[in-house]
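here's my sequence, what's the structure:
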Amino acid sequence: MRNYELMFVIRPTVEEEIRDAQIETVKEIISADGEVVDVNIWGMRKLAYEIEKHAEGFYVVVQFKASVELPKELDRRLKISDNVIRHIIINKDEK
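Here you go, the predicted structure:
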């Protein structure tokens, strides 16, 4: 198992219960083949530049352990999600 960090930004216009469901969905995807270590909800923050005409976004950072295949599947699922406007997955073991 390797250590990873996922940061994703949810649209600011999404309702709170849908936003919470999105976070839970990400945690379920990770838990299916890995282990969620920590979830840090940063909340609403100003973006460095506009994304899809949004100046703000709801930031979430997830620390997790998983096999090599899980980040690929997580990346694919986040790309097709309508609520997530940006995401990045970092392998913390590589330096």
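
partner strands of the longest strand along the chain and their direction?
When the chain is scanned for its longest strand (criterion: DSSP state E), the result is strand 34-51. As defined by DSSP bridges, the strand partners of strand 34-51 come to strand 54-66 (antiparallel).

which strands and helices sit next to whichever helix or strand comes after the partner strand?
Following the chain from strand 54-66 toward its C-terminal end, the next helix or strand by DSSP states H and E is helix 69-80. Using 3 or more Cβ pairs under 8 Å, 6 or more residues apart in numbering; DSSP states H and E as the contact criterion, the secondary-structure elements in contact with helix 69-80 are strand 2-10, helix 16-33, strand 84-91. C-betas here are computed from N, CA, C, even on glycine.

give me whichever of these is most buried.
Each of those was scored by mean neighbour count; the highest is strand 2-10, a mean of 19, by mean count of other Cβ atoms under 10 Å.

how distant is that strand from the center of its chain?
Taking the mean of its C-alpha atoms, strand 2-10 sits 5 Å from the chain's own mean (Cα atoms, centre = their mean, to the nearest Å).

so in that sheet, which strands flank it, and in what orientation?
strand 54-66 (antiparallel), strand 84-91 (antiparallel).

which residues of this protein score low on pLDDT?
95 (pLDDT under 70).

check which residues of the longest strand of the chain are buried.
The neighbour-count criterion (16 or more other Cβ atoms under 10 Å) identifies G34, V36, V39 as the buried residues of strand 34-51.

let me have the strands paired with strand 2-10 in TSV, extended by distance to I18.
Output for the strands paired with strand 2-10, formatted as TSV (distance: least, Cβ to Cβ, whole Å):
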stretch	distance to I18
strand 54-66	11
strand 84-91	12
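
among those strands, which is nearest I10?
Across the strands paired with strand 2-10, the minimum distance to I10, taken as Cβ to Cβ, is reached by strand 54-66, at 4.2 Å.

got the angle between that closest one and helix 69-80?
Note on geometry: by axes from the mean of the first three to the mean of the last three Cα atoms, to 10 degrees, strand 54-66 and helix 69-80 are set 160 degrees apart in direction.
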